[in-house]
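*Asks:* Take a look and give me a structure for this.
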Amino acid sequence: MAAPVPAPASGSSAAALPPLDREAIRQVVAGFPNADINGALVRIAGSGGQFETSGGVGDKATGKAPDPEGRFRIGSISKVFTATVVLQLVAEHRLDLDGTVQQYLPGLLPANFPPVKVGQLLNHTSGLPHGTSGAWGDGTAAWFVDHRFDSWTPAQVVATLAGEQTIFAPGTGQQYNGFNTFIAGLLIEKATGHSYAHEVKHRIIQPLHLRDTAVPDRQDPRLADPAAHAYLTVPDADGTSHQVDVTEQSPWPWAEGGLISSAPDLDRFLTALFQGRLLPAAQQELLFTVPDVPNVDNPQCRPGQERACMSTGLVRTEINGVTLWGKTGSRPGWTSGVFATRDLQRRMVYSFNPTSVQGADMRYILQLANAVIPAPR
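*Replies:* Residues are numbered from 1 along each chain as shown. Next up is the predicted model:
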């Protein structure tokens, strides 16, 4: 395998950081609600100052806009918390990035699978298949509404890999896969003897005073102090449709996507992470090192990108010549993201409330990104 490619040690990007255009950011959320998005919140911080705004409807009962400091389900941003804990355990010599899943958790993966390294889980080069878990259903809003309180244990999810084949030899490509992070969560529990929730709380949440962040029990559907209610549009038999409040739902994705947080907390977490307050230097550098392997249909990378875009825990992307590092996340009713330049001079947290589960929100996220990092004039 080719050597990994580290990011530059300093500087935010190859281009100068443009001035912050607050009005352009406000305009992105001013058109909500519409058929695709009920509401959105945005938090920007850095050298241009701190700025937060929201638009649309966060609660149909009151008509209020989303609360920019309220809580939301962060989906796969949870993976950054998980990767951070694993890297802390590596620094403590309780896990080894070159150690294998088969070594630490014998019998978890099918016997015909090749050895999968811990590091390959974190940078999504494991080649693991995507399984056949019923947790994803048929991918429609109607299915999710009917099954939103269903729950699966991590072991049940990973067990669906039985009978599958690896997509590529471990370490030879990159493809985003939530199974990697379910296994990483199980590794945390095996290495520490404590629950995943305990480790995240004591290693990240409490030290950083993240008052809105939690790893909920997988059978607890509640969301206290929500930034916005989440509504999905469900078709009716007569050709019309109605919206269902899915704010309460099972957080079964756990270490892969079950956490709850807020924009202020996510900004605080990413800032501490980038400043090296959570990891020693050797593990810190891995956050900004992307393996030099092919992109294998990785939805986290930009369309048409041929090489990998994910590091050990983060996604590298470029907006108008400026490099950002961070992570997106989604659960039905929410699409969120947290990104920053490596020097933290521009930081962005957003949460949109899409009305479908089919990704119609992407064009609005791109509009926001281009408002936060406008093209040179």
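
*Asks:* List the buried residues in stretch 301-313.
*Replies:* Neighbour-count burial for stretch 301-313, with 16 or more other C-beta atoms under 10 Å as criterion, is recorded at Cys301, Ala308, Cys309, Met310, Ser311, Thr312, Gly313. All C-beta atoms are positioned from the backbone trio N, CA, C, and that covers glycine.

*Asks:* Considering these, which member attains the minimum pLDDT?
*Replies:* The member of these with the lowest pLDDT is Cys301, at 92.

*Asks:* Identify the spatial nearest neighbour of it, chain neighbours not counted.
*Replies:* With C-beta to C-beta, 6 or more residues apart in numbering as the criterion, Cys301 has its nearest non-adjacent residue at 3.9 Å, and that residue is Cys309.

*Asks:* Would you check that that neighbour makes contact with Arg316?
*Replies:* Yes - Cys309 is within contact range of Arg316, at 5.4 Å (criterion: C-beta atoms under 8 Å).

*Asks:* Need the overlap of contacts for those two.
*Replies:* Both Cys309 and Arg316 are contacted by Val290, under the criterion C-beta atoms under 8 Å, 6 or more residues apart in numbering.

*Asks:* Okay, helices next: where are they in the stretch 51-200 of the chain?
*Replies:* Using DSSP state H, counting those that start in this stretch, the helices of the stretch 51-200 of the chain run over residues 78-91, 101-104, 118-122, 141-147, 154-159, 178-192, 196-200.

*Asks:* Now render these as JSON lines, adding mean pLDDT, distance to Ala360 and mean neighbour count.
*Replies:* JSON lines is the format used below for these (pLDDT from 0 to 100; distance: least, C-beta to C-beta, whole Å; neighbours: other C-beta atoms under 10 Å):
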{"stretch": "helix 78-91", "mean pLDDT": "98", "distance to Ala360": "23", "mean neighbour count": "25"}
{"stretch": "helix 101-104", "mean pLDDT": "98", "distance to Ala360": "36", "mean neighbour count": "18"}
{"stretch": "helix 118-122", "mean pLDDT": "98", "distance to Ala360": "30", "mean neighbour count": "25"}
{"stretch": "helix 141-147", "mean pLDDT": "96", "distance to Ala360": "11", "mean neighbour count": "18"}
{"stretch": "helix 154-159", "mean pLDDT": "94", "distance to Ala360": "27", "mean neighbour count": "17"}
{"stretch": "helix 178-192", "mean pLDDT": "98", "distance to Ala360": "21", "mean neighbour count": "23"}
{"stretch": "helix 196-200", "mean pLDDT": "98", "distance to Ala360": "31", "mean neighbour count": "21"}
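
*Asks:* That'll do, ta.
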